[in-house]
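S.K.: Build the 3D model from these lines:
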Amino acid sequence: MPWSNPALVEDIARPIVAVGNEYPPAFELDWHQHRRGQLLYAARGVVVVSTRSGAWVAPPERAIWTPGGCAHAVRMVGAVSTRSVLIEPGILGSLGDCNKVIQVSPLLRSLLEASCEIVPEYDMDGRDGMVMALLLAELARAPTVPLAVPFPKTMEMVRKCQAFLERPTPHDTIDLWSAALGMGRRAFTRSFRKETGLSFGAWRQQACLLIALPRLAAGEAVTTIALDLGYESPAAFTTMFKRLTGVAPSHYRPGGVT
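M.R.: As a prediction, the model looks like this:
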């Protein structure tokens, strides 16, 4: 892949340009931002993107959209191969101005791979231009998947959410969180849903998924992760995981072993 630095291609006069990179395990990209919107896809490994308003995780078959101008940091889980496309503002309005995770179909995956072999100043009327146009068309129809952990706007709530992600406390309840924040239960649940778009229970499930995916990719046993996250059994954890991702946790473990 000849193109690997977004800063060197972002101002080229093309609606969409692509870069590819190879990262060692546990590599981190510090806080930065792009003028263009960025779709980040991990062909191998797992990527976690953090912003001031939440965190998003993408194993293979998923990709993370970050709108232009949004400061973010990226953490690699395992050795990671990324394919990234940078899209001019206004070109692909359907991806929107909020971070999200999208599903990567086999066709979209092939287009992302191919795009990274195309020179940034490609002929828009030739084959390369047609590949990029088809890539944009596929991105516009890609469904969003729930692999996000949005943060509230209230700083006290943000700190609680961040602390949970850093050190999960699986037996925390609405009553414990509301008491810790000095709020009534009803006021807490109303504010939490308003500021995150999720109920507390749904947010905890998303957070557990965000925590579990990197651990699965690192080879940890499903049983260990399930019990650490407070699930009564691996089966209960697997049920939640399959409902949110469409596949069993073992799908993301090296060798698929539970």
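S.K.: Would you map the helices across this structure?
M.R.: With DSSP state H as the definition, the chain shows helices at residue ranges 6-9, 106-115, 127-141, 155-166, 174-180, 185-196, 200-217, 222-228, 234-245.
S.K.: Which strands or helices does the first one pack on?
M.R.: In this structure, helix 6-9 packs against strand 16-23, strand 72-87, with contacts taken as 3 or more Cβ pairs under 8 Å, 6 or more residues apart in numbering; DSSP states H and E. C-betas here are computed from N, CA, C, even on glycine.
S.K.: Might one say that G96 is in contact with P67?
M.R.: Yes - with contact defined as Cβ atoms under 8 Å, G96 reaches P67; the gap is 7.2 Å.
S.K.: okay, those two: which has more neighbours?
M.R.: Using other Cβ atoms under 10 Å as the criterion, G96 and P67 rank with P67 on top: 20 against 12.
S.K.: Tell me how far that one lies from K153.
M.R.: According to Cβ to Cβ, to the nearest Å, P67 and K153 sit 18 Å apart.
S.K.: Give me the pLDDT for R127.
M.R.: Per-residue pLDDT puts R127 at 97.
S.K.: circling back: for E61, find the nearest of the helices of the chain.
M.R.: Closest of the helices of the chain to E61 is helix 106-115, at 7.7 Å (criterion: Cβ to Cβ).
S.K.: picking that back up, mean pLDDT added to the helices and strands packed on helix 6-9, as TSV?
M.R.: Below are the helices and strands packed on helix 6-9 laid out as TSV (pLDDT from 0 to 100):
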stretch	mean pLDDT
strand 16-23	94
strand 72-87	91
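S.K.: I'd like those written out as JSON lines, with distance to P59 and mean neighbour count added.
M.R.: Shown next, in JSON lines, are these (distance: least, Cβ to Cβ, whole Å; neighbours: other Cβ atoms under 10 Å):
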{"stretch": "strand 16-23", "distance to P59": "15", "mean neighbour count": "22"}
{"stretch": "strand 72-87", "distance to P59": "9", "mean neighbour count": "21"}
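S.K.: Reformat these as TSV; add distance to L147.
M.R.: Shown next, in TSV, are the helices and strands packed on helix 6-9 (distance: least, Cβ to Cβ, whole Å):
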stretch	distance to L147
strand 16-23	20
strand 72-87	13
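S.K.: Brilliant, that's me finished.
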